[in-house]
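**Student:** Structure of the sequence below:
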Amino acid sequence: MALLRTVTLGCKVNQYETEYVRQALLGIGYRDAGPGQQAQLCIVNTCTVTQEGDAKSRQVIRRLARENPTARIIVMGCYATREPEQLRRLPGVAEVITDKRELPDLLARFGVVDIPSGISHFGPRHRAYVKVQDGCLLRCTFCIIPQVRPHLVSRPVEDICQEVRRLVDNGYREIVLTGIHLGHYGVEWCRSRPRHQWVRLPELVERLLELPGEFRLRLSSIEATEVSGRLLRLMAQVPERICPHLHICVQSGSDRVLRRMRRRWGARRLRDRCLLAREMLPQPGLTTDVIVGFPGETEEDFEATCRLVEEVGFWKLHVFPFSPRPGTPAAQMPDQVPPPVRQRRVRQLLKLQEQLRKRYFQSLIGRRLQVLCETQTEPTAEHLQGLTRGTACRYVPVAVPGELRPGELVEVEITAAEEEQLLGQVSPSAAKERPQPTTLGSL
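**Tutor:** Numbers count the residues shown, from 1 in each chain. Just a heads-up that it's a prediction; the model follows:
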C-alpha cells in the first residue's frame, strides 16, 4: 500500500486542487501517510503571490525530501508555473506540473482511469471549498497571478451542482464558492453565446439554491463592480442559504493610487457598491483586502483609504504592506515608500479595524445568527459546560455554552460581544434534536 502526503501553500483554489488530486489517488489505492510514516509520493501545491511564498514552497520541498528520502515529489501550483526549472533542481523532485489544466493527464499517468469531475470530501473540515473558475484577465500592477493563471476557464454548471450535492450528502453544511477571479465566472462563454444564454455568477448561485439539503453558500473574494444588483437581491431573498457576507477587494481608497495599481474603478464607485450591499442586506458582514505603502502613496492617499474603510464599515481587514514582486510593474515604480512608513500605516489601519470590529460586534447583540459549529473546548471555571465555537453567516466567530455537534447549523441569539468573538445562546426553536451529521473526511 503506497503512502501519500500532500502539502498546500496559498489560496482556497490551491486547497481545492490539492484535494482533487488527493481524492483521485486515494481512489486507486494510495493512503494518507500518518505522523512519522514515510510517504512514497508527495504532492506539493505551491504559491507565488509573494517572494515569501516562493521561499516557503522551496523549504517544504526540501523538508519532504529529507523526511521521505525515497519519495517521488510532484510539484504543482503557481510557483511551478513561473519557475519550473528552479524547482526541478530541488532534491527529490520527480515532476513539475506547469499548467493546472494538465492535472487529468497527471492522474492518468498514475493509473486513474475515471478522471473525476470534482470532489466528494474536503478533509475533516465542516466547510468545503468548491472551485468554480480559474484564470484572471486583469493586469493589476502589483500582482503576478495573471502571468501564471492567464486562461479563463469556468466549470460547467452541472459539474458544480453534482459536486455540491455530493459534499452536502457527505455532511458539509457550508459550501464556499471560490475562483481566481470569482466574479468572472462564465465570462469566456459570453463571447460565443447570445445574451439570453449567458450563465454568470448570479445564475450559478440561483441554480445551486435549487439543490435540496441543509447547507448554506458563501462567496469568497469578489471585486466590488461584480457585486451586482441581481446578486444582492438573491442574497437578500434567502439569507439563510447565502451568507450575508462579502469579501470585497478594495486595495486602496485613493483614486490616484488605484490608477497606479491599474484597478478598473475609482474610490467613489467602489464605496457606492459597498454601501448598496449595506442597503440591500441586513447588517452584512463586509471584509476586505488593503495594500498600504504602494509606490507613491502619500499621507493624503493613506488617509483616503482610512476614510473609505470607516465609511463602508469593514469589520475585518487583511492589511498588507506593499512588497515589491519581481516581474510586476509596481516593483519598478519610482517613489517606493520606506518600510518604516509602511509598517506605521499598517499599525494605524489595524487600530482602526479594532474600532470597526467592536462597533460591528455590538450591533449584532440581540440578533439571531446562523452558526456553523466547528470545535469544542473543555469545561472551565468560567464556562462549566465548555464552549462550542463556530462561524456565523456574517463570518464572525461565535461561542456558545455547551456541547453542540460539530458540523451542524444552529440559530444562535447573540447575547454579548468580546474583543475577538461573539457570545450567544442557541435559540429555543433551534434546540430540538437534529440527526447526527455524516462523519467527514472518511476518504
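**Student:** How much space separates Arg230 from Glu203?
**Tutor:** Per C-beta to C-beta, to the nearest Å, Arg230 is found 9 Å from Glu203. Every C-beta, even on glycine, is put in place using the N, C-alpha and C of the backbone.
**Student:** One more: Lys56?
**Tutor:** For Lys56, the distance to Glu203 (C-beta to C-beta) stands at 38 Å.
**Student:** Could you point out the helix or strand that follows the longest helix anywhere in the chain?
**Tutor:** Longest helix of the chain, by residue count under DSSP state H: helix 339-363. Sequence-wise, the next helix or strand downstream of helix 339-363 (DSSP states H and E) is strand 368-377.
**Student:** Quick check: what element follows that following strand along the chain?
**Tutor:** Immediately after strand 368-377, counting by DSSP H and E, sits strand 387-392.
**Student:** what sits up against that following strand?
**Tutor:** Defining contact as C-beta atoms under 8 Å, 6 or more residues apart in numbering, one finds that strand 387-392 is touched by 127, 174, 285, 369-377, 397-404, 406, 410, 412, 421-422.
**Student:** Which members of the residues you listed come out as buried by neighbour count?
**Tutor:** Buried members of the contacts of strand 387-392, scored by 16 or more other C-beta atoms under 10 Å, are 127, 174, 285, 369-374, 398-401, 404, 406, 410, 412, 421-422.
**Student:** For Ala417, which residues are in contact?
**Tutor:** Taking C-beta under 8 Å, 6+ apart, we find Ala417 in contact with Lys358, Phe361, Gln362, Leu364, Ile365, Leu423.
**Student:** ok, it to Arg357 distance?
**Tutor:** 9 Å.
**Student:** Show me the contact partners of the longest helix of the chain.
**Tutor:** 283, 285, 290, 292-293, 302, 305-306, 309-310, 313-317, 319, 321-322, 396, 417-419, 422.
**Student:** And it, what's buried?
**Tutor:** Arg342, Arg345, Val346, Leu349, Leu352, Gln353, Leu356, Arg357, Tyr360, Phe361.
**Student:** Looking at that helix now, give me its mean pLDDT.
**Tutor:** When pLDDT is averaged over helix 339-363, the result is 98.
**Student:** Could you do stretch 295-308 as well?
**Tutor:** Computed over stretch 295-308, the average pLDDT equals 98.
**Student:** ok, and what's touching that stretch?
**Tutor:** Contacts for stretch 295-308 (C-beta under 8 Å, 6+ apart): 250, 252-257, 260, 267, 270-271, 290, 292, 322, 330, 333-337, 345, 348-349, 352.
**Student:** With stretch 266-279 instead?
**Tutor:** With C-beta under 8 Å, 6+ apart, stretch 266-279 has contacts from 224-225, 227, 229, 232, 246, 248, 250, 252-255, 258, 284, 286, 304, 308, 311-313.
**Student:** Name only those of these that count as buried.
**Tutor:** By neighbour count, with 16+ other C-beta under 10 Å, the contacts of stretch 266-279 hold 224, 227, 232, 246, 248, 250, 252-255, 258, 284, 286, 304, 308, 312-313 as buried.
**Student:** when you check these against the strands, which ones overlap?
**Tutor:** Leu246, Ile248, Val250, Leu286 (DSSP state E).
**Student:** Could you tell me which of the buried ones among the contacts of stretch 266-279 belong to helices?
**Tutor:** Leu232, Asp255, Leu258, Ala304, Leu308, Val312.
**Student:** Find the nearest non-adjacent residue to the second one, please.
**Tutor:** Which is Asp255. Gly266 (4.7 Å; C-beta to C-beta, 6 or more residues apart in numbering).
**Student:** count of neighbours near the one you found?
**Tutor:** Counted with other C-beta atoms under 10 Å, the neighbours of Gly266 add up to 15.
**Student:** how far away is it from Asn45?
**Tutor:** Relative to Asn45, and taking C-beta to C-beta, Gly266 is found at 36 Å.
**Student:** cool, Cys143 as well?
**Tutor:** Per C-beta to C-beta, Cys143 is found 19 Å from Asn45.
**Student:** Of those two, which one has the most company?
**Tutor:** The neighbour comparison of Cys143 against Asn45 (other C-beta under 10 Å) goes to Asn45, with 30 against 18.
**Student:** The more buried one contacts Cys11, correct?
**Tutor:** No - proximity of Asn45 to Cys11 does not meet the contact threshold set by C-beta atoms under 8 Å, at 9.9 Å.
**Student:** ok, Arg5 - contacts?
**Tutor:** Going by C-beta under 8 Å, 6+ apart, Arg5 touches Asp32, Ala33, Ala39, Leu41, Cys42, Ile43, Leu64, Asn68, Ala71.
**Student:** So it belongs to a strand, correct?
**Tutor:** Yes - Arg5 forms part of a strand when assessed by DSSP: H, G, I helix; E, B strand; the rest coil.
**Student:** how near is it to Phe110?
**Tutor:** 15 Å.
**Student:** Gly29 too?
**Tutor:** Distance of Gly29 to Phe110, computed by C-beta to C-beta: 10 Å.
**Student:** Of these two, which one has the most company?
**Tutor:** The neighbour count for Gly29 versus Phe110, taken as other C-beta under 10 Å, is higher for Phe110 (15 against 10).
**Student:** Need the nearest residue in space to that one, chain neighbours excluded.
**Tutor:** Leu25 (6.4 Å).
**Student:** Pull the number of nearby residues for the one you found.
**Tutor:** Neighbour number of Leu25 under other C-beta under 10 Å is 22.
**Student:** mind checking the backbone torsions on it?
**Tutor:** Backbone torsions for Leu25, taken as degrees, to the nearest 10, come to phi -70, psi -40.
**Student:** For it, which residues are in contact?
**Tutor:** Per C-beta under 8 Å, 6+ apart, neighbours of Leu25: Leu4, Leu41, Ile43, Leu107, Phe110, Val112.
**Student:** Looking at those, which are in strands?
**Tutor:** Leu4, Leu41, Ile43.
**Student:** Nearest to Tyr16, out of these: which one, please.
**Tutor:** Nearest to Tyr16 among those: Ile43, at 13.4 Å, using C-beta to C-beta.
**Student:** what pairs with the closest one across the strands?
**Tutor:** Thr6, Ile74 (DSSP bridges).
**Student:** picking up where we left off before, would TSV of the ones in strands among the buried ones among the contacts of stretch 266-279 with distance to Glu19 and pLDDT be doable?
**Tutor:** Below are these laid out as TSV (distance: C-beta to C-beta, whole Å; pLDDT from 0 to 100):
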residue	distance to Glu19	pLDDT
Leu246	25	98
Ile248	26	96
Val250	30	95
Leu286	29	98
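**Student:** Look at Pro326 and tell me its secondary structure.
**Tutor:** coil.
**Student:** Tell me the confidence at the nearest residue to it once chain neighbours are set aside?
**Tutor:** Once flanking residues are discounted, Pro326 sits nearest to Gln51: 7.3 Å by C-beta to C-beta, 6+ apart. pLDDT for Gln51: 90.
**Student:** I appreciate the help and will end here.
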